[in-house]
Each structure stands twice: as C-alpha cells, then as structure tokens.
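> just coords:
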C-alpha cells in the first residue's frame, strides 16, 4: 500500500466521520454542529489533494484522461472546498454533512477506477481550462442536487408532517423559501460554468481537431443539459417557477449532464 493510497483512505475516513458528526448534531430547529469539525475536513482536503496530485501527474503523462474515478474524486474535492468556504461565512449545516459522506465514497473511487493515461503534451492550456471548468460545473451542480433533494423532502414534510430523526434533521434546515433562493443561486453559478465549459471546449476541440463542434454523445448531451438549465432559469425569471415545476426541470438537466460524462465513462471503466 503506497503513501498516496494511505492518504486517500485517511481523507475518506475524515470526510465520513465529519459528515456523520454534522448530521448527528442536527436535532431540530436552532441546533448545529461544532465549528471544530471544519478542521478534520480541512485535513481531509489536504490529504485528498496530495493523493490526487501524486496519482494523477506521473512522469511525462497524466493519469486522468476522462476516467470515472479521478473525475469523481476531483468533483467532490471541489464541492467540499466550496461548502467549507461557505461554512466560514454561514453556519455548518446538514447539507454539508451529506456531501461529506458522499465525498468519502468519491474520494476512494480512483482506487477502483484508475482511468487512462494521457501524454502530458496533449494537455494544452485550453484543454486544462476546459477540464477545470467542467469539474467546477459538476461540483456546483452536485451541491444543487443535494439541495434539491432536501427541498423535495421538506416540501413533502410540509404536506405530510412526520415525527422521527429525519424530521428533526429537516427541522434544522432553513425555511423552504430561503433554501429555494439559495438553490437558484447555485444553479445560476453552475449554469455559468457549463456555458464556459462549452465555449472553452469548442476552442479546445478546434485546436485539436480543427473543428469547433463534434457530434459525439458527450457534446450533444452537454448542450441538451445546458438547454434544460437555461429553460429552468428562464422559467424562474419570467414565470416564477417554484417547487415541483422547478425541480422537475432541474432533475432533467442534472440527469442528462451526469450521463453526458459520468454515465458513459463509468460504463467504459466497467468494460475495460
């Protein structure tokens, strides 16, 4: 077992423990987790970042390609950073706990799905920016996904009140109107990153292939997801879409966006 593998496992343990501690502390309205939890999360980020850099960047090649494992780990790395920064502005919240538990699994994914090796000469500046923007877009939309799930649960609970640990956890979340406002802000940022990903991706494709647009599944599905999210934001702006209508459009865009890359890459990894 290498030092990089050990760092990866330690990071996953730190994320898992921190996430469970945050969720366990959510006992109802006004409850909250200790601010000290931020420090093991920060330590996990350092460990994960060190392991990712060491595993990905070999001599003369980059062990990332479009591999499922490293992309999943990078996405959660960005997501944890974004939410950790947010917790220093606001309080720790249950959504962060859920993302941390998911990040524990995502952090381990490079150990199972190693991806492909790409010669470093193929990693042009434009391609690097394209990849960075794409991962950032996935990170923001993953946060929006967790937010959307929580909104759906809160909305269902308002219609059918229940008592239990889940109910107490939901009571600790902000009001639905506040969560909805935050949700659309996250989606707007994710949409901007998708837009930049498509623009820079077109430039990277032109640089490598001599054309701006390739009619492959990844490009077509990404544009389709962009259309779905654009309709969602336009509907919110023009028609004031809320609750189920807004979430349905988000689910559609999110599923298409995930399938555009992660779904296909996951299948490729399985059949390799």
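Noted; the coordinates are in hand. All values reported here derive from a predicted model rather than from experimental measurement. Numbering: from 1, shown residues only.
> what about the helices in the stretch 51-200 of the chain?
68-89, 94-112, 125-159, 165-171, 176-209 (DSSP state H, counting those that start in this stretch).
> could you redo these as JSON lines and give each row mean neighbour count and mean pLDDT?
Heads up, the C-betas are built off the backbone N, CA and C, glycines and all. Shown next, in JSON lines, are the helices of the stretch 51-200 of the chain (neighbours: other Cβ atoms under 10 Å; pLDDT from 0 to 100):
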{"stretch": "helix 68-89", "mean neighbour count": "20", "mean pLDDT": "84"}
{"stretch": "helix 94-112", "mean neighbour count": "22", "mean pLDDT": "88"}
{"stretch": "helix 125-159", "mean neighbour count": "19", "mean pLDDT": "85"}
{"stretch": "helix 165-171", "mean neighbour count": "15", "mean pLDDT": "66"}
{"stretch": "helix 176-209", "mean neighbour count": "18", "mean pLDDT": "90"}
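> Look up the closest residue to the spatially most central residue of the chain, ignoring the ones flanking it.
By Cα atoms, centre = their mean, the chain has its centre lying nearest to residue 139, at 2.8 Å. Spatial nearest neighbour of residue 139, excluding adjacent residues (Cβ to Cβ, 6 or more residues apart in numbering): residue 78 at 3.6 Å.
> separation between the one you found and residue 36?
Distance, residue 78 to residue 36, using Cβ to Cβ, to the nearest Å: 23 Å.
> Settle this for me: residue 256 is touching residue 226, isn't it.
No - using Cβ atoms under 8 Å, residue 256 makes no contact with residue 226, being 9.3 Å away.
> Apart from its neighbours in sequence, what residue is nearest residue 179?
Residue 179 sits nearest to residue 151 (Cβ to Cβ, 6+ apart), 5.4 Å away.
> surely that neighbour meets residue 181?
No - counting by Cβ under 8 Å, residue 151 does not reach residue 181; the two are 10.9 Å apart.
> which of the residues in stretch 36-48 are buried?
The neighbour-count check on stretch 36-48 (16 or more other Cβ atoms under 10 Å) flags 37, 38, 40, 41, 44, 45, 47, 48 as buried.
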